[in-house]
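Enquirer: Got a predicted structure plus its sequence, pasted below:
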Amino acid sequence: MLKTTILILSIITLFSCNDDKQKNSTEQTAEVVGVWERSDVTDMQQYKIFFNEENTGYITEYIQNPDSTAISSLNEFVWNPTDKTLTVEYTAENDESFQYSINTEGQLLIPNLTDLHFNKVE
């Protein structure tokens, strides 16, 4: 009887821990998913990060020159909500990983990518 009780308690403990980890991952995913705009945005310059629910996304940059021509770029990335890692795929040979966090004001911080913070716009 004692062995059965210990076995049942062990199984309950195992499944309850697993559920907490999945719940934290889901909450972290919901917190990050959306469109983030870098804090120095202007009509002439935009830098946005799009986090998708499937742990993929892309970074867009738009710069308008004084002569009204523009330069834009798009880089895809994958991200991991568990270890808060963003891996940007610049080219097939050159991937780069960055740690990210969200501060108490709800701003996205990616210190090794930029010193500026990002505000969630969508």
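Expert: That came through, no problem.
Enquirer: Do a quick rundown of the strands in the protein.
Expert: Assigned by DSSP state E, the strands in the chain fall at 34-38, 45-51, 56-64, 70-80, 85-89, 95-99, 101-102, 108-109, 118-120.
Enquirer: So which elements touch the last one?
Expert: Spelled out, it's strand 118-120. strand 34-38, strand 108-109 (3 or more Cβ pairs under 8 Å, 6 or more residues apart in numbering; DSSP states H and E). Any C-beta I mention is one placed from the backbone N, CA and C, and that applies to glycine too.
Enquirer: Give the buried residues for that strand.
Expert: 118, 120 (16 or more other Cβ atoms under 10 Å).
Enquirer: on that earlier part again, comparing the strands of the chain by mean pLDDT, which bottoms out?
Expert: Note on these: lowest mean pLDDT is at strand 85-89, with a mean of 80.
Enquirer: Using the neighbour-count criterion, name the buried positions in it.
Expert: Neighbour-count burial for strand 85-89 flags 86, 88 (criterion: 16+ other Cβ under 10 Å).
Enquirer: what lines up beside it in the sheet?
Expert: Sheet pairing of strand 85-89 (DSSP bridges) gives strand 70-80 (antiparallel), strand 95-99 (antiparallel).
Enquirer: what is the orientation angle of that strand with strand 56-64?
Expert: Here the directions of strand 85-89 and strand 56-64 differ by 60 degrees (axes from the mean of the first three to the mean of the last three Cα atoms, to 10 degrees).
Enquirer: To what extent is Asp67 buried, counted in neighbours?
Expert: When neighbours are counted by other Cβ atoms under 10 Å, Asp67 registers 6.
Enquirer: Dihedrals phi and psi, it?
Expert: Backbone dihedrals for Asp67, given as degrees, to the nearest 10, come out at phi -90, psi 10.
Enquirer: List the residues that contact Ile102.
Expert: Applying Cβ atoms under 8 Å, 6 or more residues apart in numbering to Ile102 gives the contacts 31-32, 108-109.
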